[in-house]
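# next input, structure requested:
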Amino acid sequence: MTRFSIAYVPSDTEFLVSDGDFSALEIRNSGNGSGFHYFFDTRTNRLITDFVLEDRPQVATLCQVTLIKKDDEYSPRIRLWKKDKTKVGKKVVEHKVPETELTKIIKATVDTGEAYRNFWKVIHFLQSFSEVSLPDNNFRVVTDDRAQLAKSFEGKDKQTILEAVRIAIGGSITEEDLRMMSNRKAQLGVFEKLLNDADFFESEQKRLEKKPEAIWQHFFESNPWIFGYGLHLIACEPLDEKKMERITTGANIFTGAGKRSDAVMRSKGYISSLAFCEIKTHKTPLLEKLAYRPPDVYQASKELSGGLSQVQKTVSKALLLISNQLHELYEDDGTPTGIQVSTTKPRQVLVIGHLNELTQNGRVNPEKLTSFELYRNSIQDVEVITFDELYERACFIVRDS
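Prediction:
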């Protein structure tokens with residue numbers, strides 16, 4: 001028996017939210033003398049009274065939007081309802097029930113189910129119209145103490161608030177401090193999206209026109225505090241005020257084109273020590289897919305072992321150019337920078353992959369985890385850190401948690 005699936009065809013006054021063109025909608029009078037206004041689809045020349053949020057074989061979920069005009073603004077009225085598609089064309093029977101103690105407490109609810117995303121599309125569409133008046137109240141769930149504190153700051157200038165905070169914490173805090181903390185929290189959000197949102201990562205690739213490794217390089221260049229503080233429990237910073245990515249062999253930072261290191265860092269202290277870092281991507285595999293010795297022995301991936309060799313070779317070649325254990329850095333014209341770094345056994349770091357690779361069905365695979373941990377702990381000269389571990393360390397810096 002052959003089965004045919006028939007796509008849902010909306011009525012003349014219905015608009016499919018899933019694939020409709022919102023840019024073609026504008027506000028028009030209903031034209032029936034009611035004084036109500038609705039949206040008008042200029043592409044299909046029809047008045048839209050209902051937005052189809054979800055379409056199922058027998059039932060469709062709709063959001064009716066009616067606009068009430070007052071002066072030069074429109075106030076929306078929203079009604080969610082279910083349409084029985086099996087009874088299309090049949091008149092809806094209405095029956096008035098007298099209000100009694102029993103009937104007046106009866107209320108109807110409409111479960112939007114999986115249609116909530118399309119519902120918010122409609123809400124955001126309404127918000128985009130300057131003529132549509134929506135309540136501007138902001139609601140937050142806060143404790144009584146926090147609400148009282150927020151109310152006490154209403155109408156106060158920044159300096160007054162900063163001074164109050166300074167007194168409360170017993171120290172000094174500036175507007176720049178607040179801006180820095182706010183920016184770092186925002187950048188953590190970007191870090192998380194790059195790590196977990198494939199669509200966002202792809203959009204960044206298109207926007208910056210860069211390969212995956214270069215996306216991470218760009219992000220860390222913009223946020224050296226993540227790279228420095230996140231790698232060690234010693235504060236680190238870029239070698240100087242220039243880029244973290246540096247040429248180390250050939251025409252380079254030591255002899256004044258060649259081999260590159262994704263990040264050349266120095267520790268902060270009376271005497272600085274060097275740190276060389278190679279950055280892969282969060283999608284770079286940590287282990288080979290198939291067990292080396294089934295069923296429980298997994299070997300390091302080609303990318304992981306290759307990354308280790310890469311950073312080791314970079315450091316080895318760079319140190320061949322330096323004869324002293326304490327090296328002073330100079331500008332291109334010979335001007336001393338005042339920076340001296342120790343070249344005795346520089347730190348070497350490889351940022352690669354994501355630990356979720358070592359899980360199956362949401363649970364840790366102990367054999368894969370053991371294979372990975374034994375391998376990276378056996379590498380004495382290079383610290384291997386995954387992108388999710390780097391993210392958690394950065395969270396600790398900002399949130400102290």
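
# all contacts plus neighbour counts: C-alpha atoms, from now on.
Will do.

# what is the host helix or strand of residue 194 packed up against?
If you go by DSSP states H and E, residue 194 is part of helix 175-196. Helix 175-196 sits against helix 198-208, helix 387-399, with contacts defined as 3 or more CA pairs under 8 Å, 6 or more residues apart in numbering; DSSP states H and E.

# confidence-wise, which of the ones you listed is weakest overall?
For those, mean pLDDT drops lowest on helix 387-399, to a mean of 86.

# could you pull out the buried residues of that helix?
387-391, 393-395 (16 or more other CA atoms under 10 Å).

# with only the CA atoms kept, save it in CSV.
Provided in CSV are the C-alpha atoms of helix 387-399 (Å, rounded to 0.1, in the frame of the first residue of the first chain):
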residue,chain,number,x,y,z
PHE,A,387,40.1,23.1,25.8
ASP,A,388,37.4,22.2,28.3
GLU,A,389,40.0,22.1,31.1
LEU,A,390,41.3,25.4,30.0
TYR,A,391,37.8,26.8,30.0
GLU,A,392,37.2,25.5,33.6
ARG,A,393,40.4,27.1,34.8
ALA,A,394,39.4,30.4,33.2
CYS,A,395,36.0,30.1,35.0
PHE,A,396,37.9,29.7,38.3
ILE,A,397,39.8,32.9,37.6
VAL,A,398,36.7,34.9,36.9
ARG,A,399,34.0,33.3,39.1
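
# how far off helix 175-196 does it point, in degrees?
160 degrees (axes from the mean of the first three to the mean of the last three CA atoms, to 10 degrees).

# so who does residue 84 touch?
58-60 (CA atoms under 8 Å, 6 or more residues apart in numbering).

# per-residue pLDDT, it?
At residue 84, pLDDT is 84.

# so how many other residues sit close to residue 74?
21 (other CA atoms under 10 Å).

# from residue 25, how far out is the nearest residue to it once chain neighbours are set aside?
Distances taken as CA to CA, 6 or more residues apart in numbering put residue 132 closest to residue 74, at 4.7 Å, once the chain neighbours are dropped. Distance of residue 132 to residue 25, given as CA to CA, to the nearest Å: 13 Å.

# pick out whichever of the two has more residues nearby.
Just comparing residue 132 and residue 25: by other CA under 10 Å the higher neighbour count belongs to residue 25, 21 against 17.

# okay but the more buried one is in contact with residue 42, surely?
Yes. Counting by CA atoms under 8 Å, residue 42 is a contact partner of residue 25 at 6.2 Å.

# circling back: as CSV, the contacts of residue 84 with pLDDT and neighbour count would be great.
Shown next, in CSV, are the contacts of residue 84 (pLDDT from 0 to 100; neighbours: other CA atoms under 10 Å):
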residue, pLDDT, neighbour count
58, 86, 11
59, 88, 14
60, 88, 19
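
# among these, name the ones in strands.
When DSSP state E defines the strands, the subset of those inside them is 59-60.

# okay if I get the contacts of residue 84 as TSV plus distance to residue 195?
Shown next, in TSV, are the contacts of residue 84 (distance: CA to CA, whole Å):
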residue	distance to residue 195
58	40
59	38
60	36
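
# between the contacts of residue 84, which is nearest residue 13?
Using CA to CA, residue 60 is the member of these that sits closest to residue 13, with 14.1 Å.
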